[in-house]
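Visitor: Just need the structure, nothing else, for what follows:
(one chain, ligands or ions: 1)
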Amino acid sequence: THFGERTVALEDKQGLVDKVFHDVADRYDLMNDLMSGGVHRLWKDALVADLAPPRNGTRPYRVLDMAGGTGDIAERIVNVSLGYAQVVVSDINPDMLRVGAERARHWRYPDQVSFVEANAEELPFESGSFDAYTIAFGIRNVPRIRKALDEAHRVLRRGGRILVLEFSRVDVPGLEALYRGFSDRVIPPLGRIVTGDAQPYQYLVESIRKFPEPAQFSSMLAGAGFKRVKHTAYSGNIATLFSGWKL
Ligand code: SAM
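Guide: Predicted coordinates:
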């Protein structure tokens with residue numbers, strides 16, 4: 001794994017990732033809007049539309065939003081379910097969770113969410129205890145992806161669903177060069193202006209380039225036991241939504 005110019009062992013990757021999100025936690029939402037021109041909101045809306053959480057039922061509908069950071073996905077899920085879904089936002093970084101918990105006090109349904117500090121590789125939840133597992137722009141930060149997918153599969157009930165939203169490889173000719181230039185010349189400097197440090201955003205750009213291609217990541221989902229795996233490209237494949245079922 002590379003961070004800036006250095007080569008970093010797998011064990012050290014988590015430490016770097018934690019520092020990145022510690023440093024940017026308070027400006028994280030602003031940075032997302034600036035860097036994606038607000039488009040990350042549409043991708044997140046699309047994830048939640050695909051999940052289609054129920055608005056009523058005979059038992060609770062429980063979602064684990066892993067690497068949930070400041071709670072973007074969770075808030076959408078709760079709102080779309082009209083306050084029926086119960087979401088656990090889990091993240092390894094207490095700073096991101098703190099920002100999220102503060103924001104959640106002003107949600108429309110503030111009682112439908114809880115925040116739990118945890119590593120995606122080792123979840124402190126019972127097997128079969130969730131109806132859905134979501135992870136948006138989080139899985140590429142996890143050092144041992146296979147372990148995280150195994151854990152996702154374990155905590156889902158049979159019939160439960162996983163949705164993974166992640167940056168991908170742009171596959172539209174023309175857009176490709178534009179995106180590469182934007183990633184190298186706009187993202188790190190913009191990071192420096194807003195958060196005072198370009199390096200976390202250099203890491204971001206590199207981690208996106210290292211993430212597996214959609215077909216390869218789909219095989220990893222299947223390898224962890226998920227069925228009916230499919231993926232959908234958004235915005236010329238800048239982002240990809242993966243879906244799978246525990247059957
Ligand atoms: N889901 C949010 C969103 O879409 O805006 C936040 C995504 S943010 C780019 C990535 C998050 O992954 C950070 O909050 C980081 O702390 C978290 N993360 C990194 N490694 C993790 C791990 N091993 N377990 C759980 N969360 C992790």
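Visitor: shouldn't Ser183 be in contact with Ser207?
Guide: No - the criterion here is C-beta atoms under 8 Å, and Ser183 misses it with Ser207 at 11.2 Å. Glycine gets a C-beta too; all of them are placed from N, C-alpha and C.
Visitor: State the phi and psi torsions of Leu156.
Guide: For Leu156, the backbone dihedrals (degrees, to the nearest 10) come out as phi -80, psi 150.
Visitor: nearest residue to it other than its sequence neighbours?
Guide: Residue nearest to Leu156 in three dimensions, not counting chain neighbours: Lys246, with 4.4 Å by C-beta to C-beta, 6 or more residues apart in numbering.
Visitor: Okay, and the beta partners of the one you found?
Guide: Partner residues in beta bridges with Lys246, using DSSP bridges, are Gly160.
Visitor: Residues of this structure that sit close to the ligand?
Guide: The interface of the chain toward the ligand, taken as C-beta under 6 Å from any ligand atom, is made up of 14, 17, 21, 32, 67-69, 72-73, 91-93, 96, 119-121, 136-138, 141-142.
Visitor: So which of these belong to helices?
Guide: Gln14, Val17, Phe21, Asn32, Asp72, Ile73, Met96 (DSSP state H).
Visitor: Out of those residues, which is nearest to Ala239?
Guide: Checking those against Ala239 by C-beta to C-beta gives Asn32 as the nearest, at 12.1 Å.
Visitor: For Ala233, give the beta-bridge partners.
Guide: Those that pair with Ala233 in a beta bridge, by DSSP bridges, are Thr240.
Visitor: Which neighbouring elements make contact with the helix or strand harbouring Val48?
Guide: Secondary structure from DSSP states H and E places Val48 in helix 39-51. Here helix 39-51 is seen to pack against helix 28-36, helix 72-80, strand 130-136, strand 156-167, strand 227-234, strand 239-246 when contacts are counted using 3 or more C-beta pairs under 8 Å, 6 or more residues apart in numbering; DSSP states H and E.
Visitor: So what touches the second one?
Guide: Translated: helix 72-80. 29, 44-45, 47-49, 51-53, 63, 65, 68, 85, 87, 89, 100, 103-104, 107-109, 112-113, 134, 136 (C-beta atoms under 8 Å, 6 or more residues apart in numbering).
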